[in-house]
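J.: show me the folded form of this:
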Amino acid sequence: MTPDELTTVDGRPALRMERRLAHPVEEVWRAVTEPERLSRWYPFAVVAMDLRVGGAMRFDDGEGTVLDGVVVELDPPRRFAFSEHAPEEMHRESDDLVRIDLEPDGDGCLLVFTHVFDDRPGAASYAVGWDLCLRMLGAVLDGEEPDWPTPPQGSLEERIDALGLGAGRVEEGPGGAVLTVERQLSRPAEEVWAEIAGDAAEGVGRDSAGVPEGVRVPGVAAGRRTGVKAPELFEYAWTVDGADAGRVRWELSPGTGHGARLVLTQTGRAADRDRLAAALPAWERRVREVGRRVAGLEA
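T.: Here you go, the predicted structure:
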């Protein structure tokens with residue numbers, strides 16, 4: 001697999017993907033700027049394109065999602081860039097940017113594909129999808145009909161590791177310190193809930209016996225449950241010397257792609273920042289285990 005890079009552009013996350021294509025620049029240029037050809041490898045059909053800077057574009061996935069775009073850079077046959085306005089249902093995004101740069105490389109060309117967006121934890125999902133799209137571009141250039149395969153099992157987890165997206169953080173919050181680990185998962189919330197909480201009944205006020213092992217880590221003592229709503233939320237108190245010190249909260253919501261987004265937080269007092277920092281590696285490992293298990297991989 002060609003290494004891909006997660007970087008930043010104007011302070012926003014950006015995926016940079018290089019692919020060498022065995023076709024000259026002029027031919028690839030047509031495949032990325034002509035609506036009929038672009039529609040064959042891009043995730044959405046291009047239903048309108050005014051190919052000039054400031055020109056309007058429109059994309060349609062055929063299933064009810066329509067994106068409006070604008071051409072922002074055009075330097076034939078070297079650079080083509082356009083913005084897309086995210087629809088309301090893509091609440092983690094605003095206006096993203098897609099840029100395609102082409103350079104001659106022997107009898108072929110080097111394509112540099114850049115996608116600038118907002119949702120950093122979703123970068124691995126984007127990378128899996130764009131890798132597939134760029135492979136379909138290769139098929140179009142070869143005169144073949146694109147055959148859209150299902151991404152290999154575990155490809156999302158591999159990208160998360162490769163792009164360094166498994167790291168959490170400890171920072172100051174409004175009421176003290178907050179530990180956060182966020183991960184895009186490959187399976188829906190119901191399947192993830194079965195992995196972390198099993199058949200835990202809803203309810204609060206129970207003792208630590210009501211907190212499943214799937215939502216705990218060593219070194220963080222579990223107290224009473226403070227909120228359970230399957231398959232969206234499991235929250236419990238964590239304790240120091242038997243007294244409540246803060247909350248551990250597992251939240252599942254719709255994510256980027258077809259799987260759930262997991263956000264794990266542990267809150268504490270400002271004085272507990274060192275305790276949270278010490279717990280962070282264990283939480284990172286636990287969240288990674290969840291991701292790999294629901295993807296059908298060994299943890």
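J.: could you tell me which residues make contact with residue 23?
T.: For residue 23, the contacting residues are 108-109, 141, by CB atoms under 8 Å, 6 or more residues apart in numbering. Every C-beta, even on glycine, is put in place using the N, C-alpha and C of the backbone.
J.: which of those residues tops the neighbour count?
T.: Using other CB atoms under 10 Å as the neighbour test, the contacts of residue 23 are led by residue 109, with 22 neighbours.
J.: which residue is the nearest non-sequential neighbour of that residue?
T.: Nearest non-adjacent residue to residue 109, counting by CB to CB, 6 or more residues apart in numbering: residue 25, 4.5 Å away.
J.: same thing with residue 286?
T.: residue 217 (5.1 Å).
J.: give the burial count for that neighbour, as a bare number.
T.: Residue 217: 20 neighbours (other CB under 10 Å).
J.: am I right that it is in contact with residue 284?
T.: No - contact between residue 217 and residue 284 fails when scored by CB atoms under 8 Å: they sit 9.6 Å apart.
J.: if we can go back for a sec, so where does the residue nearest to residue 286 fall, helix or strand?
T.: Using DSSP states H and E, residue 217 is not contained in any helix or strand.
J.: who are the contact partners of it?
T.: By CB under 8 Å, 6+ apart, residue 217 lies in contact with 279, 282-283, 285-286.
J.: reformat these as TSV; add secondary structure and neighbour count.
T.: Converted to TSV, those look like this (DSSP: H, G, I helix; E, B strand; the rest coil; neighbours: other CB atoms under 10 Å):
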residue	secondary structure	neighbour count
279	helix	22
282	helix	14
283	helix	21
285	helix	14
286	helix	20
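J.: let's have those residues in a markdown table, adding distance to residue 298 and pLDDT.
T.: What follows is these, written out as a markdown table (distance: CB to CB, whole Å; pLDDT from 0 to 100):
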| residue | distance to residue 298 | pLDDT |
| --- | --- | --- |
| 279 | 24 | 98 |
| 282 | 19 | 98 |
| 283 | 20 | 98 |
| 285 | 14 | 98 |
| 286 | 15 | 98 |
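J.: which non-adjacent residue is nearest residue 285?
T.: residue 217 (7.7 Å).
J.: how close does the one you found get to residue 38?
T.: Residue 217 is 47 Å from residue 38, where distance means CB to CB, to the nearest Å.
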